[in-house]
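S.K.: any chance you can model this:
(one chain, ligands or ions: 2)
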Amino acid sequence: MRDLSVRFRTYGGHVHALRQINLHIARGETLAIVGESGSGKSVTSQAIMGLLPTSTAQITSGTITFDGRELTTLKPAQWREIQGRRIALIFQDPMTALNPTLTIGEQMTEGVRRHMKYSADQAKARAIQMLELVGISSPQQRLKQFPHEFSGGMRQRIVIAIALMCDPDLLIADEPTTALDVTIQAQILALFRQIQARTGVAIILITHDLGVVAGVADRVTVMYAGQCVETAEVHALFAQPAHPYTRALLASVPRLDMPAASLKAIAGQPPDLFAPPDGCAFAARCRHAMRICHQITPPATALPDDGSVRCWLHDARAPQAARRM
Ligand code: SF4
Ligand code: MG
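M.R.: Numbers count the residues shown, from 1 in each chain. Ligands and ions are numbered 1, 2, ... in the order given. Coordinates of the predicted model:
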């Protein structure tokens with residue numbers, strides 16, 4: 001994704017949901033996209049999946065290239081070759097993702113029969129294989145059951161199995177564990193790792209919770225007010241967060257070795273995306289804000305290991321006195 005900007009038309013004017021987003025992901029890699037609600041995480045995944053609402057959303061700049069193919073100019077028929085087949089999406093709530101009136105078997109086999117022209121037997125064999133991959137025992141019998149016969153964690157495993165049926169190259173998981181309790185959450189995150197090791201699928205994990213990315217992601221992109229403010233290799237991000245917003249987010253993650261009272265909420269509100277401010281979007285909440293921060297949007301500065309940050313503290317052109325960390 002290069003320089004991607006997306007805005008939505010509303011009665012109140014344009015909402016500038018994404019502003020010059022740059023992202024990349026390699027085969028077999030997990031990229032976490034982290035941010036508060038409204039930061040643009042889900043719009044980013046909708047753009048990659050071709051699911052932006054055509055009546056209101058407009059891509060005003062940039063490109064999305066997938067395996068050499070430009071996605072922003074695809075026709076609906078061309079999208080259907082990619083959605084679910086090359087790029088698959090996993091939603092937050094497994095209960096709404098599954099149809100309560102159809103058996104697991106019917107729901108699992110529908111895509112491969114339609115997209116890949118599998119016979120009924122081939123599709124069933126593939127479904128059994130995928131249920132085994134996500135750790136569901138007696139898959140043969142399970143195929144005949146309905147969603148309500150499974151626990152929440154099992155349903156999320158089934159949703160993941162469905163997403164894997166067509167052997168996609170890219171899996172986008174939008175808050176996949178938010179509806180689950182903590183123990184099940186950890187199991188599902190571990191499952192993503194196992195699946196990736198077995199299939200080589202690339203995974204984009206979208207979450208508001210920086211706590212869940214540590215054990216799962218290779219790289220992390222932090223979004224704020226429709227911009228990528230920092231991208232870094234996961235260990236570097238936790239050890240040396242470069243952007244003041246990333247540092248504030250890390251300070252708000254609960255840790256076992258710290259009393260709960262020391263958790264710091266980030267004071268203030270994200271900016272109004274109807275009229276994003278000039279300069280840095282985080283300036284109103286930033287302890288380090290300088291005059292330039294309120295005037296000019298900070299450009300992306302390269303960090304070691306392919307990372308980048310949008311903050312004047314890291315830019316050699318910012319006033320000398322301002323560059324202290
Ligand atoms: Fe803070 Fe300025 Fe950096 Fe924005 S550019 S995060 S206001 S120091
Ligand atoms: Mg969302």
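S.K.: how much space between residue 19 and ligand 1?
M.R.: Per CB to the nearest ligand atom, to the nearest Å, residue 19 is found 14 Å from ligand 1. Heads up, the C-betas are built off the backbone N, CA and C, glycines and all.
S.K.: domain ranges for the chain?
M.R.: 2-86+166-322, 87-165 (automatic domain parsing).
S.K.: let me have the ones you listed in TSV, extended by mean pLDDT and mean neighbour count.
M.R.: Shown next, in TSV, are the domains of the chain (pLDDT from 0 to 100; neighbours: other CB atoms under 10 Å):
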stretch	mean pLDDT	mean neighbour count
domain 2-86+166-322	90	17
domain 87-165	93	18
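S.K.: so what's residue 29 closest to, chain neighbours aside?
M.R.: residue 218 (5.0 Å; CB to CB, 6 or more residues apart in numbering).
S.K.: let me know whether the one you found touches residue 234 as I believe.
M.R.: Yes - between residue 218 and residue 234 a contact is recorded at 6.2 Å, counting by CB atoms under 8 Å.
S.K.: from residue 126, how far off is the closest residue in space to residue 200 that isn't next to it in sequence?
M.R.: Spatial nearest neighbour of residue 200, chain neighbours left out: residue 28 (4.6 Å); criterion: CB to CB, 6+ apart. Remark: distance between residue 28 and residue 126 (CB to CB, to the nearest Å) = 21 Å.
S.K.: residue 140 too?
M.R.: For residue 140, the distance to residue 126 - CB to CB - is 13 Å.
S.K.: cool, and residue 117?
M.R.: Taken as CB to CB, the span from residue 117 to residue 126 is 12 Å.
S.K.: which strand or helix spans the closest residue to residue 7 other than its chain neighbours?
M.R.: Nearest-residue entry for residue 7: residue 14, 4.6 Å, with adjacent residues in sequence omitted and distances by CB to CB, 6+ apart. If you go by DSSP states H and E, residue 14 is part of strand 13-21.
S.K.: again, but for residue 228
M.R.: Using DSSP H and E, residue 228 sits in strand 227-233.
S.K.: and the residue nearest in space to the middle of the chain, backbone torsions?
M.R.: For the chain, the residue sitting closest to the mean C-alpha position, by CA atoms, centre = their mean, is residue 206 at 2.6 Å. Per-residue torsions, residue 206: phi -100, psi 130 (degrees, to the nearest 10).
S.K.: that one against residue 43, yeah?
M.R.: No - the pair residue 206 and residue 43 fails to qualify as a contact (CB under 8 Å) at a distance of 10.4 Å.
S.K.: distance-wise, check the residue nearest to residue 7 relative to ligand 1.
M.R.: Counting by CB to the nearest ligand atom, the gap from residue 14 to ligand 1 is 23 Å.
S.K.: ok, and what's touching stretch 146-154?
M.R.: 94-95, 98-104, 136, 155, 158, 179-181, 184, 187-188 (CB atoms under 8 Å, 6 or more residues apart in numbering).
S.K.: quick check: angle from the strand holding residue 228 to strand 13-21?
M.R.: Orientation check (axes from the mean of the first three to the mean of the last three CA atoms, to 10 degrees): strand 227-233 against strand 13-21 gives 30 degrees.
S.K.: just the residues contacting the helix or strand just after strand 227-233, thanks.
M.R.: Per DSSP H and E, strand 227-233 leads on to helix 234-239 as the next helix or strand towards the C-terminus. Contacts with helix 234-239, where a contact means CB under 8 Å, 6+ apart, come from 32, 213-214, 217-220, 222, 230, 246, 250, 303-305, 307.
S.K.: how about the residues of the stretch 101-250 of the chain near ligand 1?
M.R.: 243-244 (CB under 6 Å from any ligand atom).
S.K.: try it again at 5 Å.
M.R.: When proximity is defined by CB under 5 Å from any ligand atom, the stretch 101-250 of the chain lies next to ligand 1 at residue 244.
S.K.: quick check: closest non-adjacent residue to the residue of the stretch 101-250 of the chain found nearest ligand 1.
M.R.: Closest to ligand 1 within the stretch 101-250 of the chain is residue 244: 4.3 Å, counting by CB to the nearest ligand atom. For residue 244, ignoring the flanking residues on the chain, the nearest one in space by CB to CB, 6+ apart is residue 286 at 5.0 Å.
S.K.: was I right to think the one you found contacts residue 277?
M.R.: No - counting by CB under 8 Å, residue 277 is not a contact partner of residue 286; they are 11.9 Å apart.
S.K.: where do the helices sit along the stretch 51-200 of the chain?
M.R.: Per DSSP state H, counting those that start in this stretch, the stretch 51-200 of the chain carries helices over the ranges 76-82, 94-97, 104-115, 120-133, 139-142, 152-164, 182-199.
S.K.: so can I have TSV of these showing distance to residue 296?
M.R.: Converted to TSV, these look like this (distance: least, CB to CB, whole Å):
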stretch	distance to residue 296
helix 76-82	37
helix 94-97	43
helix 104-115	47
helix 120-133	50
helix 139-142	57
helix 152-164	42
helix 182-199	39
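S.K.: okay but residue 315 is in contact with residue 297, surely?
M.R.: No - the pair residue 315 and residue 297 does not pass the contact test of CB under 8 Å, sitting 11.1 Å apart.
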